[in-house]
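Student: With the input below, show me the fold.
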Amino acid sequence: MAASPGPDESPLPSTTVASPKVSVDLEPIWSLGPETSASPTPLPGPVRVQPRVAVVGDSLTYTSAAQQLIQFKEADWVVTAIDGSRGAPIPERVLRIRELVRAGGVDALVIALGTNDARGIVDSGQEPSAAWRVTQANAFTALADAQAVPCVVWVGVNSNTPRFDLDTWGVWFNNWLKQYTNYADWAGYSASHPEWFAADGVHFTDAGNQAYAKLIVDTVQATCRPAGR
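Tutor: This is a model prediction of the structure:
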């Protein structure tokens with residue numbers, strides 16, 4: 001039988017404590033907020049390196065140098081040298097070719113020589129066939145020295161003029177170039193444009209300088225531009 005509470009003992013009142021309701025709006029910790037994009041920052045792509053070109057020639061290169069520089073820049077080439085020496089035949093420019101090749105860093109080398117070799121043969125009265133063999137040897141030397149460059153272009157002479165017997169000798173020379181190197185056909189390109197030439201049929205007017213530069217740049221672009229550059 002259960003004991004009854006004593007006089008000083010009274011049952012404890014029943015007490016119910018309600019838990020307070022707590023409402024907390026938590027933004028997910030991964031949220032960057034409405035103004036911020038969660039897209040990753042793209043990594044930079046590979047840096048494109050512009051191809052580099054050098055030109056060695058005679059007075060025709062000298063007078064057209066400014067146009068060559070402009071047009072090569074427009075075609076996205078870096079020009080390391082445009083070196084034209086007035087009156088220079090091939091042997092006088094071989095050392096400069098060697099210097100440029102030794103310096104390295106060019107993807108294309110343009111050689112624009114030959115007119116003064118024809119002039120030298122006429123002025124000296126050499127027998128044409130013997131002189132022609134010497135010219136071939138000199139040209140072979142220039143090409144051999146340039147062979148470390150990935151792409152070499154040689155600009156032919158104007159064989160459309162009788163000046164310096166270029167209508168004979170120039171044909172031989174241009175045909176030889178076609179066999180041994182990348183050939184820029186100045187004779188064909190200029191054949192119907194007498195307005196490009198001064199009275200001597202060799203040197204250029206302003207329009208001729210521009211056209212000569214264009215042939216060089218277009219040939220280098222088509223023949224020598226490295227893939228992806």
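Student: where in the chain is pLDDT low?
Tutor: Within the chain, the segments meeting pLDDT under 70 span 1-48, 228-229.
Student: show me where it has helices.
Tutor: Ranges of helices in the chain, per DSSP state H, are 59-74, 90-103, 115-124, 128-146, 171-180, 186-190, 206-224.
Student: Of all these, which one is nearest residue 109?
Tutor: Ranking those by their distance to residue 109 (criterion: CB to CB) puts helix 128-146 first, at 5.3 Å. C-beta here means a position set from N, CA and C on the backbone, and glycine is covered the same way.
Student: Give me the buried stretch members for that closest one, please.
Tutor: Buried positions in helix 128-146, judged by neighbour count with 16 or more other CB atoms under 10 Å: 131, 132, 135, 138, 139, 142, 143, 145, 146.
Student: and that helix, how far from the chain's centre?
Tutor: 28 Å (CA atoms, centre = their mean, to the nearest Å).
Student: got the angle for it vs helix 90-103?
Tutor: 10 degrees (axes from the mean of the first three to the mean of the last three CA atoms, to 10 degrees).
Student: quick one: contacts for residue 168?
Tutor: The contact partners of residue 168, taken as CB atoms under 8 Å, 6 or more residues apart in numbering, are residue 128.
Student: how close does it get to residue 129?
Tutor: Applying CB to CB, to the nearest Å, the value for residue 168 to residue 129 is 11 Å.
Student: Residue 141 now?
Tutor: 19 Å.
Student: swap in residue 123?
Tutor: Distance from residue 123 to residue 129, by CB to CB: 17 Å.
Student: Also residue 182?
Tutor: Taken as CB to CB, the span from residue 182 to residue 129 is 27 Å.
Student: Then residue 54?
Tutor: Plainly put, residue 54 is 33 Å away from residue 129 if you go by CB to CB.
Student: now do residue 222
Tutor: 34 Å.
Student: can you redo the helices of the chain as JSON lines with distance to residue 159?
Tutor: Output for the helices of the chain, formatted as JSON lines (distance: least, CB to CB, whole Å):
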{"stretch": "helix 59-74", "distance to residue 159": "14"}
{"stretch": "helix 90-103", "distance to residue 159": "17"}
{"stretch": "helix 115-124", "distance to residue 159": "9"}
{"stretch": "helix 128-146", "distance to residue 159": "14"}
{"stretch": "helix 171-180", "distance to residue 159": "5"}
{"stretch": "helix 186-190", "distance to residue 159": "4"}
{"stretch": "helix 206-224", "distance to residue 159": "15"}
